[in-house]
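Participant: Here's a sequence, model it:
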Amino acid sequence: MARPRSTYTAEFNLAAVKMMTEQKLSVPPVADTFTRRRRQ
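Facilitator: Here you go, the predicted structure:
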């Protein structure tokens, strides 16, 4: 059976976009950063 999709808060989404725009990062490095935080 498939896992349900994760939902993210508006705060989480804003933090990700902020990293991408201010630090000029692409999606994969930002995703790696946030997935590491969630696993800890």
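
Participant: Residues in contact with the worst-scoring helix or strand of the chain on mean pLDDT: which ones?
Facilitator: Ranked by mean pLDDT, DSSP states H and E, the weakest helix or strand in the chain is helix 27-39, scoring a mean of 80. Outside helix 27-39, the residues that touch it by C-beta atoms under 8 Å, 6 or more residues apart in numbering are 12, 15, 16, 19, 20. C-beta coordinates here come from the backbone N, C-alpha and C atoms, glycine included.

Participant: what's the helix or strand for the first one?
Facilitator: Secondary-structure element containing residue 12, defined by DSSP states H and E: helix 10-22.

Participant: Show me which parts of that helix are buried, residue by residue.
Facilitator: 15, 16 (16 or more other C-beta atoms under 10 Å).

Participant: quick one: pLDDT of the spatially most distant residue from the centre of the chain?
Facilitator: Ranking residues of the chain by C-alpha distance from their mean position (C-alpha atoms, centre = their mean) puts residue 1 at the top, at 24.7 Å. Residue 1 carries a pLDDT score of 77 in this model.

Participant: quick one: it from residue 7, how far?
Facilitator: 18 Å (C-beta to C-beta, to the nearest Å).

Participant: sec struct for residue 6, please.
Facilitator: Classification of residue 6 by DSSP: H, G, I helix; E, B strand; the rest coil places it in coil.
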